[in-house]
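[1] Generate a structure from the sequence data that follows.
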Amino acid sequence: MIDSQSYLTFRLHELTYGIETHLVKEIFQLPELTIIPETPGDIIGVLYLRDRTIPVMHLDRRLGQSIQECRLSDRVIVIQWKAIEIGIIVNEVLDVINIESNFLEPEPDYGREHHINTAFINKIATILDTSIILLNTEALIRQPDEVAGVIAEADTLENQALEPEGKAPILSNFFDLYCPQTSEIEQDTFRQRTKELQLPLEIGETDGSIPLAVFSLGKEYLGCDLAVVKEFIDIDKVTPIPCCPKHIVGNINLRGEIIPLVDIRSVIHFAEAEKPATQAIIVQINDISAGIVVDEIFDVVHINQEQLSPTPTGVAAEIKKYFHGMAIYEKNLLSALDLAKIFAEGNLVVG
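    So this is what the prediction gives:
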């Protein structure tokens, strides 16, 4: 059996990178950061994320490249390695993919050719003519005492600013330093993101949170436990299967493995799709490996169990059992699915 590892892939400029999925805590749009004096060169600021202080690294600087201006479309990926949480700024978050060991190759020259410090590169994966730089997380994250120092300094400055008669220190401006070309409207958007990320959880604490892959079916936002997700894919060629139930879309060939594609709309009583799906989430539930067709894949977020509100009483009991509950995702209502129950009790014949 070939070993494999799940990676979250993302883009920075023209290159594609990957980091182990299990290290990812949250992903969100870049907010305005608080600038802390005398931090390590690659830490460009901190973010007060609910009850945590998160140092934020610009990946350009960490990889030894010239830093480019931050953009409104940039994302922050919060990763945790051992006891350290840190955010990294990237241009675009792509997919979660499962990379088998036979697609990996050492990094003898790739980093040098692209002016990347090779100490931060673990391996190179080549899939469909695309090279993916798999980052060495241990090398990427600084020593714990340096990160702790940044957090302590940030917390001190925040406390000084909150003191009624205290004089807050004058800090450098995030926009002047890292995105001088932004308009007033764009700056307001950055600031609004910061305020939203600082808000405490409405219910419960952050401990015990579960990562959800967020996607849509029609106009509905849904989430499924990232633990069962093997990868996200774009659907290329589907082979129809004669005389199959309506929920079986067909089979796909995923790097030599035949995977059935399943439409779960009928189980949760959603309207039929208006057009063929172009994306799918490959899941592994017990001994079932299948692809769930979706309209769009958005994000990976962490939701605490206590944040989930009960499914509305108006929802029929035979459908309600397939949902863990409801939560808020970017001002939209998100339904958290129980995929294990959907496959076990939803009459989804697969294979």
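[2] what about the helices in the stretch 101-250 of the chain?
    Taking DSSP state H, counting those that start in this stretch, the helices of the stretch 101-250 of the chain run over residues 110-113, 137-140, 144-162, 174-178, 184-198.
[3] and those, which one is worst for confidence?
    Note on these: lowest mean pLDDT is at helix 144-162, with a mean of 55.
[4] quick one: contacts for T194?
    31-33, 47 (CB atoms under 8 Å, 6 or more residues apart in numbering). Where you see a C-beta, it was placed from the backbone N, CA and C, and this is true even at glycine.
[5] which two of the residues you listed lie the greatest distance from each other?
    E32 and L47 (8.9 Å; CB to CB).
[6] Same list (the contacts of T194) but as a markdown table, adding neighbour count.
    Conversion of the contacts of T194 to a markdown table gives the following (neighbours: other CB atoms under 10 Å):
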| residue | neighbour count |
| --- | --- |
| P31 | 24 |
| E32 | 24 |
| L33 | 25 |
| L47 | 24 |
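[7] how close does S6 sit to V24?
    Here the criterion is CB to CB, to the nearest Å. By it, S6 lies 10 Å from V24.
[8] what sits in contact with each of the two?
    With CB under 8 Å, 6+ apart as the test, S6 and V24 reach no residue in common.
[9] These two: who's more crowded?
    V24 (21 against 17; other CB atoms under 10 Å).
[10] Hmm, the more buried one is touching A213, no?
    No - at 10.8 Å, V24 does not count as touching A213 under the criterion of CB atoms under 8 Å.
[11] isn't K320 right next to M326, touching?
    No - using CB under 8 Å as the test, K320 is too far from M326 to be in contact (10.9 Å).
[12] Spell out which residues are contacts of both of those two.
    What both K320 and M326 touch, as defined by CB under 8 Å, 6+ apart, is the set T311.
[13] So for these two, which sits in the more crowded spot?
    M326 (19 against 15).
[14] and L197, how many residues sit next to it?
    For L197, using other CB under 10 Å, the count is 18.
[15] Test my guess that it contacts R50.
    Yes - using CB under 8 Å, L197 is in contact with R50, at 7.2 Å.
[16] Give the bridge partners for G250, please.
    L261 (DSSP bridges).
[17] Now do the buried residues in stretch 26-37.
    26-36 (16 or more other CB atoms under 10 Å).
[18] Let's see which of these end up in strands.
    Mapping the buried residues of stretch 26-37 onto strands (DSSP state E) picks out 26-29.
[19] which one of those residues sits closest to L12?
    The nearest one, if we look at those relative to L12 and count by CB to CB, is I27, at 14.3 Å.
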